[in-house]
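1. here is the input, now give the coordinates:
(chains A, B and C)
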Amino acid sequence: MPDRGVSLPRRFYDRPVVEVARDLVGCTLHHRSAAGVIVETEAYHESEPACHAYVGLTPRTGVLFGPPGRAYVYRSYGIHALVNAVTEPEGVGAAVLIRALEPVAGIAEMRARRGRESLRELCSGPGKLTVALGIGLGHNDAPLSGGPLRIAPRAGAWREVEVLAGPRIGITRALELRWRFAAAGSRFLSRPLRGVARSEPLRRR
DNA sequence: CATGGGATTGACT
DNA sequence: GTCAATCCCATGC
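-> Got it, this is the predicted structure:
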């Protein structure tokens, strides 16, 4: 089956990173024949010190300052590859970290790549989901539309997903920002959301 | 050029 | 709950 599905348009990403992070929950991340619904994200922006782009334009952060709608993939703790969606206009360093998926396609290959059976644990973390989907550092700067790596808009029941916000995980700076977003009631999160607050009703315009 | 610190995970006490 | 694995890169001397 050819990989010829719908992708979010580039303009979806050309917006404030916090809005994009919230709106990506319920969308589906595809890589070739594997896919999962995004149930958890975090926003990162050059203006706050938890963001890699905080240090400015360097060899590492170049993609973050590039055009929106591309993937920023980096190595974490020397071991894991973490995938982000670059947002905001070119010249602004910002991206949405994809933290967890609910597997929906290619589950057998995910289990093989992860070496685990539990559906809940296949993509319940940013380092897990890249392994499950076969995403690696070679995907850095790859487009998120029109290619083997893509994100499709909300569909079906996911169009009415309730998105909750809380503090980000695993960081040591800018802890006060509630820039983690998760699908309410999802069993596929990397960790439960604490300090639950509704976010979807904040949607403007 | 040496050093320190991670947007994590899985195994173990 | 604790902890090691592992490596790129930003920083500072």
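
2. show me what contacts residue A:132?
-> Residue A:132 sits next to A:34, A:36, A:101, A:103, A:110, A:113, A:114, A:122, A:123 when contact means Cβ atoms under 8 Å, 6 or more residues apart in numbering. All C-beta spots, glycine's among them, are computed from the backbone N, C-alpha and C.

3. how would you label it: helix, strand or coil?
-> helix (DSSP: H, G, I helix; E, B strand; the rest coil).

4. pLDDT wise, what is it at?
-> Note for residue A:132: predicted pLDDT of 98.

5. within the helices and strands, which one has the closest residue to it other than its chain neighbours?
-> For residue A:132, ignoring the flanking residues on the chain, the nearest one in space by Cβ to Cβ, 6 or more residues apart in numbering is residue A:110 at 4.0 Å. Using DSSP states H and E, residue A:110 sits in helix A:107-114.

6. say whether DNA strand B is contacted by that helix.
-> Yes - Helix A:107-114 is in contact with DNA strand B by Cβ under 7 Å from any atom of the strand, via residue A:114.

7. neighbour-wise, which of the contacts of residue A:132 leads?
-> Among the contacts of residue A:132, residue A:123 has the most neighbours (other Cβ atoms under 10 Å), with 32 neighbours.

8. list the residues that contact that residue.
-> A:36, A:100, A:101, A:102, A:103, A:110, A:129, A:132, A:133, A:188.

9. contacting residues around the helix holding residue A:110?
-> A:33-34, A:103, A:117, A:119, A:121-123, A:128, A:131-134.

10. swap in stretch A:55-67?
-> So stretch A:55-67 is in contact with A:10, A:46, A:51-53, A:70-72, A:74, A:84, A:86, A:90-95, A:140-141, going by Cβ under 8 Å, 6+ apart.
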